[in-house]
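Undergrad: Need a 3D model of the following:
(one chain, ligands or ions: 1)
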Amino acid sequence: MRMTTGSTDRRIDKLIHLLVKNATVVVPGPKIASEIGVTRQQVWEWIEKLRSLGVEIRGVPMEGYQLATIPDILVPSLLRAELGDHPIGRNIVHLFRADSTNAIALKLAAEGAEHGTVVVAEEQTAGRGRLGRAWYSEKSSGIYTSIILRPPLSPAAAPVLTLMAGLAAQKAVISATALAVDIRWPNDLLVNGKKVCGILTEMSAEVDRLHAVVLGIGINVNHSLMPAQLENIATSLRMEAHRGISRVQVLVALLREIERDYQLLLKDGNRAITERWEGASTFAHGKRVRVVNSASEAVATTTGLDPSGALKIRYDDGRQESLVAGEVLEVK
Ligand code: BTN
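TA: Residues are numbered from 1 along each chain as shown. Purely as a prediction, here's the structure:
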């Protein structure tokens, strides 16, 4: 399939792969140039580009290049080496800079991209959040990824797919950091009460059939501080764990978990997800929340998920409701 996304030149991926494979030795510039089929000048330019993204590459005069550390860059060769042959992640589209990986994934899906295609960017210039918000997407610090699914399900399944992504992200973050991670309905990940991950699900569908679902996942991984307007509500894994976290490790774990949970959902149905979600989130039962929607705000207590993934709540005046969209915030 022809890509129209400005995705990373595959030869840069090859360059990284070559350096990783030969990490213990200095690789001569001419050898790199001939193996990937570009000029030495081009090799030098790409090495500089990788350095600007934090990849530590030693240049040894008259000899060549050597990696100083294993790079934490989300290129296909590094991810695929860890993923095995499963549909999710079989096709990975990497970009140094994207407007929004969700926008690109939706476009690729419309052009016929296969189930499991993963779009990942080192930086977003117009990252999209839920409820019309923007997603702060600092270069090389976070994971900004969108996964295309083609589920044989109706549009009514979309909320459960979103919950599934939240569960997968929670497991991935715990496996890489051992932090205590909560899920705020529908799928914000919180560490010490602050957001580290958000998920925006977008789709194209007919009345009775989903064409494609795009799970857009943003994780704050190695930000060393958050911008002033976000610092009270958002944090990063590095800020909470007090150490750098491998983005490659988190993303690989995330894709593996999504693969596993997606198979479970198809096999066992919604309950495979909703029951696990109820056990994984302190927001599921008995949480005092402010229910925020465009018109009003009210306080309620949560009473679990219904089978479609909607959050059941009881207002203080006794009224009950199932929320299918919107936002709840914990009452402190
Ligand atoms: C939220 O508001 O909580 C959802 C944030 C989702 C952000 C991710 S980053 C990758 C993907 N591309 C986007 O433009 N948005 C999602």
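
Undergrad: what about stretch 185-192, how long is it end to end?
TA: This stretch, stretch 185-192, spans 16 Å end to end (C-alpha to C-alpha, to the nearest Å).

Undergrad: Stretch 236-256 now?
TA: Start-to-end, stretch 236-256 (C-alpha to C-alpha) is 22 Å.

Undergrad: chain center to that stretch, what's the gap?
TA: How far stretch 236-256 lies from its chain's middle: 11 Å, per C-alpha atoms, centre = their mean, to the nearest Å.

Undergrad: Please point out which parts of it sit buried.
TA: The neighbour-count check on stretch 236-256 (16 or more other C-beta atoms under 10 Å) flags 236-241, 245, 247-256 as buried. (Glycine included, C-beta is placed from N, CA and C.)

Undergrad: Check stretch 95-113 too.
TA: Buried residues in stretch 95-113 (16+ other C-beta under 10 Å): 95-96, 98-106, 108-109, 113.

Undergrad: Among those residues, which ones lie close to the ligand?
TA: 100-102 (C-beta under 6 Å from any ligand atom).

Undergrad: Columns secondary structure, distance to A156 and pLDDT on top of the residues you listed, output as JSON lines?
TA: Supplementary listing: these in JSON lines, determined by DSSP: H, G, I helix; E, B strand; the rest coil; distance: C-beta to C-beta, whole Å; pLDDT from 0 to 100:
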{"residue": "S100", "secondary structure": "coil", "distance to A156": "26", "pLDDT": "98"}
{"residue": "T101", "secondary structure": "helix", "distance to A156": "25", "pLDDT": "98"}
{"residue": "N102", "secondary structure": "helix", "distance to A156": "21", "pLDDT": "98"}
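
Undergrad: where's R276 relative to K312, distance?
TA: Between R276 and K312 the computed distance is 17 Å (C-beta to C-beta, to the nearest Å).

Undergrad: got a list of what the residue of the chain found nearest the ligand touches?
TA: Residue of the chain nearest the ligand, by C-beta to the nearest ligand atom: G198 (2.2 Å). Taking C-beta atoms under 8 Å, 6 or more residues apart in numbering, we find G198 in contact with 129-130, 135, 187-189, 217-218.

Undergrad: Tell me which two in the buried residues of stretch 95-113 are the farthest apart.
TA: Pairwise distances across the buried residues of stretch 95-113 peak at 21.6 Å for F96 and A109 (criterion: C-beta to C-beta).

Undergrad: Contacts only, for A176.
TA: 237, 245-246, 249-250, 253.

Undergrad: which SS class is it?
TA: Three-state call for A176 (DSSP: H, G, I helix; E, B strand; the rest coil): helix.

Undergrad: so which helix or strand takes in the residue of the chain closest to the ligand?
TA: Using DSSP states H and E, G198 falls within strand 194-205.

Undergrad: Do me a favour and average the pLDDT over that strand.
TA: What strand 194-205 shows for mean pLDDT is 96.

Undergrad: can you check stretch 35-55 too?
TA: Looking at stretch 35-55 alone, the average pLDDT works out to 93.

Undergrad: Mind listing residues that contact it?
TA: 11-12, 14-16, 18, 29-30, 32-33, 57, 59, 65, 67, 71-73, 96, 122, 139-140.

Undergrad: ok, now stretch 127-136?
TA: With C-beta under 8 Å, 6+ apart as the criterion, stretch 127-136 contacts 100-103, 124, 126, 137, 144, 198-200, 216, 218, 220, 226-227, 230, 234, 326-327.

Undergrad: buried stuff in it?
TA: For stretch 127-136, a neighbour-count test (16+ other C-beta under 10 Å) marks 127-128, 130, 135-136 as buried.

Undergrad: near the ligand, anything from it?
TA: Yes - applying C-beta under 6 Å from any ligand atom, one finds stretch 127-136 touching the ligand at 127-130, 133, 135.

Undergrad: what residues are up against A156?
TA: Contacts of A156 by C-beta under 8 Å, 6+ apart are S308.

Undergrad: What of A310?
TA: Residues counted as contacts of A310 (C-beta under 8 Å, 6+ apart) are 159, 322-324.

Undergrad: Go ahead and list the helix or strand containing the closest residue to it other than its chain neighbours.
TA: Leaving aside its sequence neighbours, A310 sits nearest to S322 (C-beta to C-beta, 6 or more residues apart in numbering; 3.9 Å). Using DSSP H and E, S322 sits within strand 320-323.

Undergrad: got a pLDDT number for the residue nearest to A310?
TA: 95.

Undergrad: hmm, which two among the residues of stretch 127-136 next to the ligand are most spread apart?
TA: G127 and R130 (11.6 Å).

Undergrad: Now name the helix or strand holding K171.
TA: With elements taken from DSSP H and E, the one containing K171 is helix 158-177.

Undergrad: is it fair to say E45 lies in a helix?
TA: Yes - secondary structure of E45, determined by three-state DSSP: located in a helix.

Undergrad: Any chance of the backbone angles for L266?
TA: As for L266, its main-chain torsions (degrees, to the nearest 10) stand at phi -70, psi -40.

Undergrad: Quick check: residues of the stretch 51-200 of the chain near the ligand?
TA: Neighbours of the ligand within the stretch 51-200 of the chain, by C-beta under 6 Å from any ligand atom: 100-102, 124, 127-130, 133, 135, 144-146, 188, 198-200.

Undergrad: Nice, that's everything, thank you.
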